[in-house]
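Visitor: fold the following.
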Amino acid sequence: MYKYFLFLFITCLLSTKTSAQTIYGNADNNDLIRLDLSNCSYEVVVNFAGTYTTDIAFHPNGKLYGISDAGQMFEIDTLSGGVLLINNFPFDYITFTDPIYNSLTIAADGLLYTARDNGELWTYNFMTSTETLLGNIGASPAGDLTFYEGNLYMTTLGDDIVQIDINDPSNSTIAINSNINGALFGIVSFAEDCNDVSTYAFAATGGTFPDETDLYSVNFNNNTITFLCNLDIVLLGGASIFESVASTNIEINDLTIQDVTCGNDNGSISVTASGGIGELEYSLDATNFQFSNTFENLLAGEYTLYVQDENGCTSMSDVTIINTEEISILAIETSPSTCDGSNGFIELILENDSVLLSFDEGEFMEGNIFENLNAGTYEIVIQDEYGCEIDTLIQISNQISDCSIVIPNAFTPDGDNLNDLFNVVPASASQVLVNSLKIFNRWGEIVFDKKNVAVNAEGWDGTKDGTPLPSDVYVYIFEIEYASNNVEIISGDITLIR
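Guide: Numbers count the residues shown, from 1 in each chain. Below you'll find the predicted structure:
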């Protein structure tokens, strides 16, 4: 219930007050003033009767607290100016020689911070009513503390603005060396909203006895301060109702991205974030938030990740989910099967060599060359290291032109249906035509002359005009026409055996 009320309270005040850019200051006469940054005017709210206040700070619950130079921390009634003592920080009330307390701020978690002019940094926990010395900053505070983007800052007597390392104050460093006219006292952050925080500084001016205050805007991005206006009062410190919001910076510490494989919706984003107030929520569209820090079943693409706390403060980061390298076939080289042989060839040129190939429903294995192939259509499946697959069909043709032929050197025309005819013997009868065949005896006499001799069906049967010829050596002349229309004349001798 408290968290809900606090969130509602802050939301309402931000929506109604921030347009006026109002901050508060405690003057050296113990007046609480309300400063309108839009026109650099102010009005007195109340006077802290009888209490010398060196700095003030608003608690996230809206209550105003102050601290005295002697370390008395008290709640301030903004209507009456009355105070209620909450805690006494260590101080020697006998000698009054101890370093004084002059700086105050409160974080969004309700932890109060105060500093002494000897550099000591203290905290006070309202829940446990305990004070803790964190360490020594190594610089003398001039009069104020504030938060910006989750970091604690302090003005110093040297007119510097120091960024404090809360975990080890001795590691604190100078963020801005102002080198201004006057003495830099106050510093306060003002929240336009959770994601738009401005910081202002006060400097007392007027010589040895200051009687005015110069107001500056502070830019931590380029480490500069810029004069805004002058007030006719001396401000020791400042506060804004939502100064604590500046302590809640949400940090996106780590992103784990799982890229998409095979063009599927199996990408994911996992984020580790810290800071903010309360439990963090996460979104990819700034509208639908979830408590889980992981987004799954994502397609490849550009995303913006939003992290939001209970106050609606957000941090964002752009995320790209890519599709893993797609399998790409750069080229396919083939060589046809020739003359009905098993001599076809396929080679795949791939962009990624880290793949396995399955040939004609076989097992996946390395290698991108396939040899000794018959004519036909082959399916090749390519699988990458993620298990993604693509397939392709490749046609190996049968090239039958100019295939080699065999011409016997003897035949036996004895009627046993074995080697009874003399003709060419091609790899395939469809590959050649025998346009003509002429046979001569040893005296040059033509004993056989035929055109368009059918391969594997016709030929010379060892006779002349039907009369068997004797065993002898005869001369032949073939005119062969290939499927490519090339014509070749081939001659030689053939032995007839009876």
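Visitor: okay, strands next: where are they in the stretch 1-150 of the chain?
Guide: When secondary structure is read from DSSP state E, counting those that start in this stretch, the stretch 1-150 of the chain shows strands at 22-27, 31-36, 41-47, 55-58, 64-67, 72-76, 83-88, 101-106, 111-116, 120-125, 130-136, 141-148.
Visitor: ok, the stretch 151-300 of the chain next?
Guide: Secondary structure of the stretch 151-300 of the chain, counting by DSSP E, counting those that start in this stretch: strands at 151-156, 160-164, 173-177, 183-193, 196-205, 212-219, 224-231, 235-239, 251-258, 267-274, 281-283, 294-298.
Visitor: next, the angle strand 130-136 makes with the second one.
Guide: Here strand 160-164 points in a direction 120 degrees away from that of strand 130-136 (axes from the mean of the first three to the mean of the last three Cα atoms, to 10 degrees).
Visitor: ok, the fourth one next?
Guide: Counting by the same axes, to 10 degrees, strand 183-193 points 120 degrees away from the direction of strand 130-136.
Visitor: give me the low-pLDDT residue ranges for the stretch 251-400 of the chain?
Guide: Scanning the stretch 251-400 of the chain for pLDDT under 70 picks out the ranges 400.
Visitor: so where do the helices sit in it?
Guide: Secondary structure of the stretch 251-400 of the chain, counting by DSSP state H, counting those that start in this stretch: no helices present.
Visitor: quick revisit: give me whichever of the strands of the stretch 151-300 of the chain is most buried.
Guide: Comparing the strands of the stretch 151-300 of the chain by mean neighbour count (mean count of other Cβ atoms under 10 Å), strand 235-239 ranks first with a mean of 28. Heads up, the C-betas are built off the backbone N, CA and C, glycines and all.
Visitor: can you list contacts of that strand?
Guide: Residues outside strand 235-239 that contact it (Cβ atoms under 8 Å, 6 or more residues apart in numbering): 23-28, 33, 35, 53-58, 64, 102-105, 143-144, 185-188, 200, 202, 204, 213.
Visitor: make it 6 Å
Guide: Outside strand 235-239, the residues that touch it by Cβ atoms under 6 Å, 6 or more residues apart in numbering are 23-28, 54-58, 143-144, 185-186, 188, 202, 213.
Visitor: where do the domain boundaries of this protein fall?
Guide: Following automatic domain parsing, one gets these domains for the chain: 2-247, 251-321, 329-399, 405-496.
Visitor: return the most buried member of these.
Guide: Ranked by average neighbour count under the criterion mean count of other Cβ under 10 Å, the domains of the chain are headed by domain 2-247 at a mean of 18.
Visitor: circling back: so which of the strands of the stretch 151-300 of the chain is nearest M365?
Guide: Across the strands of the stretch 151-300 of the chain, the minimum distance to M365, taken as Cβ to Cβ, is reached by strand 251-258, at 28.8 Å.
Visitor: partner strands of the closest one, with direction?
Guide: Strand pairing for strand 251-258, using DSSP bridges, gives strand 267-274 (antiparallel).
Visitor: how big is the angle separating the partner strand from strand 294-298?
Guide: Relative orientation of strand 267-274 versus strand 294-298 (the same axes, to 10 degrees): 170 degrees.
Visitor: what does strand 267-274 contact?
Guide: For strand 267-274, with Cβ under 6 Å, 6+ apart as the criterion, the contacting residues are 250-260, 280, 293-296, 298, 305, 307, 319, 321.
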